[in-house]
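K.L.:
Build me a structure from this.
(one chain, ligands or ions: 1)
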Amino acid sequence: MNEERRYLTFALGKGRLAQQTMELLAGAGITCEEMKDRHSRKLIFVNEALGLKFFLSKNPDVPTYVEYGAADIGVVGSDVLREENKRVYEVLDLGFGRCRMCVCGPAEAGELLRHHERIRVASKYPNTAKDYFFNKKHQTVDIIKLNGSVELGPIVQLSDVIVDIVETGSTLRENGLEVLEEICPVSARMIVNRVSMQMEAERIRKIITMVRERIS
Ligand code: PRP
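P.N.:
Down below sits the predicted model:
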């Protein structure tokens, strides 16, 4: 890489989102051989020729890396973006990682929702849940933050309902729960650091254009 040119860094949410992102980028000629080794425990990968770095992080941390400029570009679900509310530019809807943010619970909990009862809501997305119940539904609820396997909430009577993403619906079905209300659709988004967007405008615009061509 040219001495003068700095690396552009991508932060990708670990797992399927990162894999789908790399497949999409490969179609636009952006690859990273180092990343293809599935047994590797490395966290950061480099493509010297293109002057690019890629790192994998937990999904909720992606907007944080991009907001602070530790990464120039990030790919993360709109569920996480909405929850984290960071100061980043959202530049593309990538169209994959589609699912729905929903209020779910046992069928009986539907009554509690209809009557605007003061219920307990467990979620990995407390801000999203708060915004939906307080600002949209004008319903006072108690929010309980969980970090995963949220479907347990109503099963062990920690909460009446949950706010969570539903993709195939099989986790709900297998646990006797159902979608009670839909909050919003979710899909993967490309985000960009606000300073990088000015300082590296040409390189970043080129990447956005190439990716947009692949998804349209
Ligand atoms: C997500 C989500 C649901 C499940 C939905 O959990 O929180 O539990 O996937 O998918 P489905 O509708 O296809 O069943 P994830 O697998 O990320 O694990 P976690 O609950 O531990 O966060």
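K.L.:
Please make it C-alpha for all contacts and neighbour counts, starting now.
P.N.:
Will do.
K.L.:
Can you check which strand is longest in this protein?
P.N.:
strand 178-186 (DSSP state E).
K.L.:
quick one: strands adjacent to that one?
P.N.:
strand 99-105 (antiparallel) (DSSP bridges).
K.L.:
could you give the mean pLDDT of the strand it pairs with?
P.N.:
Taken as a whole, strand 99-105 has a mean pLDDT of 98.
K.L.:
same thing with stretch 168-175?
P.N.:
So the average pLDDT for stretch 168-175 ends up being 97.
K.L.:
Run through the bridge partners of the most centrally placed residue in the chain.
P.N.:
In the chain, the residue lying closest to the centroid (C-alpha atoms, centre = their mean) is Gly77, at 2.3 Å. Under the criterion DSSP bridges, Gly77 forms beta bridges with Ala188.
K.L.:
Show me what from this structure comes close to the ligand.
P.N.:
Contacts of the chain with the ligand, taken as C-alpha under 6 Å from any ligand atom, map to Gly148, Ser149, Val150, Asp164, Ile165, Val166, Glu167, Thr168, Gly169, Ser170, Thr171.
K.L.:
before we move on, the earlier item: next up, the contacts around the residue nearest to the centre of the chain.
P.N.:
Contact partners of Gly77, counting by C-alpha atoms under 8 Å, 6 or more residues apart in numbering, are Asn59, Gly97, Val186, Ser187, Ala188, Arg189.
K.L.:
got it, and Val195?
P.N.:
Contacts of Val195 (C-alpha under 8 Å, 6+ apart): Gly69.
K.L.:
Beta-bridge partners for the nearest residue to Leu180 once chain neighbours are set aside, please?
P.N.:
The shortest distance from Leu180 to any non-neighbouring residue, by C-alpha to C-alpha, 6 or more residues apart in numbering, is to Cys104 (5.1 Å). Using DSSP bridges, the bridge partners assigned to Cys104 are Ile162, Val179.
K.L.:
and Cys104, how many residues sit next to it?
P.N.:
26 (other C-alpha atoms under 10 Å).
K.L.:
Which residues does the longest helix belonging to the chain contact?
P.N.:
Longest helix in the chain, counting residues (DSSP state H): helix 201-215. Residues outside helix 201-215 that contact it (C-alpha under 8 Å, 6+ apart) are Leu24, Leu25, Gly27, Ala28, Val91, Leu92, Leu94, Gly95, Met197.
K.L.:
how about those, which pair is most distant?
P.N.:
Farthest-apart pair in the contacts of helix 201-215 is Gly27 and Met197; separation 22.8 Å (C-alpha to C-alpha).
K.L.:
Those two: who's more crowded?
P.N.:
The neighbour comparison of Gly27 against Met197 (other C-alpha under 10 Å) goes to Met197, with 17 against 14.
K.L.:
ok, the more buried one - contacts?
P.N.:
Asp72, Ile204.
K.L.:
give me that answer again for 7 Å
P.N.:
Taking C-alpha atoms under 7 Å, 6 or more residues apart in numbering, we find Met197 in contact with Ile204.
K.L.:
What of Phe10?
P.N.:
Lys53, Phe54, Phe55, Ala71, Asp72, Ile73, Gly74.
K.L.:
is it true that it lies in a helix?
P.N.:
No - Phe10 is assigned strand when assessed by DSSP: H, G, I helix; E, B strand; the rest coil, not a helix.
K.L.:
From the ligand, how far off is the closest residue to Cys32 other than its chain neighbours?
P.N.:
Leaving aside its sequence neighbours, Cys32 sits nearest to Asn47 (C-alpha to C-alpha, 6+ apart; 5.6 Å). Between Asn47 and the ligand the computed distance is 29 Å (C-alpha to the nearest ligand atom, to the nearest Å).
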